[in-house]
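In: sequence and computational prediction follow.
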Amino acid sequence: MPAELRSTHHGMTMVLTISNPEHRNALGPEMYAAGVEALSVAESSPEVRSVVIVGEGSGFSAGGNLQRLQANRQLPPEHQAQSIEGLHNWIEAIRTFPKPVVAAVEGAAAGAGFSLALACDFIVAASNAVFVMAYTNIALSPDGGGSWSLSRALPRQLVNELLMCAERISAARLNELGLVNRLADPGQALATALELAERLNARAPNALASVKELVNEAGANSLNQQLALERDHFVKNLHHANAGIGIAAFLAKQTPRFE
């Protein structure tokens with residue numbers, strides 16, 4: 001069975017399924033390209049208000065395919081560089097996608113699979129899920145933005161432990177640290193992620209897009225820069241039709257139906 005990234009729909013949520021069961025849902029260039037394309041199509045579709053990324057079966061993703069990496073050692077370095085650029089294009093597409101992206105994690109999220117989950121706006125994980133940056137086990141270093149995401153969320157000493165020692169960390173511990181939003185019963189990560197997505201789908205898409213951009217920019221901006229960006233987004237959203245819908249519904253004690 002070929003490795004693929006399957007796209008299905010659950011209401012207004014697009015579900016992207018990492019399907020490579022023969023290799024524990026290992027990632028590869030064909031998935032990276034499919035992920036970028038799927039998000040590009042979804043960005044302009046009013047029928048899609050959120051995205052959930054999930055692995056097929058009992059695991060999220062084992063990260064890179066070691067057989068492919070071993071074979072790539074016999075090729076010019078540029079070949080592997082191009083492959084990593086494909087992964088990084090997908091990571092950047094998730095970060096800049098103006099709609100919420102939720103990772104639904106069962107089993108293991110390892111290496112680039114962990115990085116992929118970290119790139120999402122929310123992580124829902126089964127209570128028995130495990131996460132590991134296993135790169136140094138095979139004398140490699142991180143990719144997929146894992147070092148960037150972890151360094152902005154956790155203390156340096158803990159990041160070094162995760163990256164240098166390749167320590168496994170549980171979903172429960174990541175939940176305590178604020179990196180996992182929801183813990184689900186084993187086998188229920190997707191269902192729980194879809195419930196979260198439905199909550200997000202009911203909110204104004206323009207407001208969620210503004211929040212995502214503001215959060216993404218906050219780390220690099222000075223306070224003055226962030227205040228200016230908040231001002232511009234607030235004014236733009238106040239004059240959007242959805243603000244009129246939301247304010248009127250709140251005053252009338254009704255449930256808004258946003259465009």
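Out: In hand now; what should we look at? Numbers count the residues shown, from 1 in each chain.

In: what segments of this protein are strands?
Out: Along the chain, the segments classed as strands by DSSP state E run 4-10, 13-19, 50-55, 101-105, 108-110, 122-126, 130-132, 169-170, 182-184.

In: parallel or antiparallel, which strands does the last one pair with?
Out: The strands that strand 182-184 pairs with in its sheet are strand 122-126 (parallel) (by DSSP bridges).

In: any buried residues in the longest helix that the chain contains, and which?
Out: Counting residues, the longest helix found in the chain (DSSP state H) is helix 77-96. Within helix 77-96, the residues scored as buried using 16 or more other CB atoms under 10 Å are 80, 83, 86-88, 90-91, 93-94. All C-beta spots, glycine's among them, are computed from the backbone N, C-alpha and C.

In: domain assignment for the chain?
Out: 4-201, 205-251 (automatic domain parsing).

In: which non-adjacent residue is nearest the residue nearest in space to the middle of the chain?
Out: By CA atoms, centre = their mean, the chain has its centre lying nearest to C120, at 1.8 Å. Counting by CB to CB, 6 or more residues apart in numbering, A103 is the residue found nearest to C120 once chain neighbours are left out, at 4.1 Å.

In: one step back: helices or strands up against the longest helix of the chain?
Out: On a contact count with 3 or more CB pairs under 8 Å, 6 or more residues apart in numbering; DSSP states H and E, helix 77-96 meets helix 29-43, helix 66-72, helix 112-119.

In: tell me the angle it makes with strand 50-55.
Out: If you take axes from the mean of the first three to the mean of the last three CA atoms, to 10 degrees, helix 77-96 sits at 140 degrees to strand 50-55.

In: circling back to that earlier point, between the strands of the chain, which one is nearest to A153?
Out: Closest approach to A153 among these is made by strand 122-126 (11.0 Å; CB to CB).

In: let me have the helices and strands packed on helix 77-96 in TSV, extended by distance to L196.
Out: What follows is the helices and strands packed on helix 77-96, written out as TSV (distance: least, CB to CB, whole Å):
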stretch	distance to L196
helix 29-43	17
helix 66-72	33
helix 112-119	14
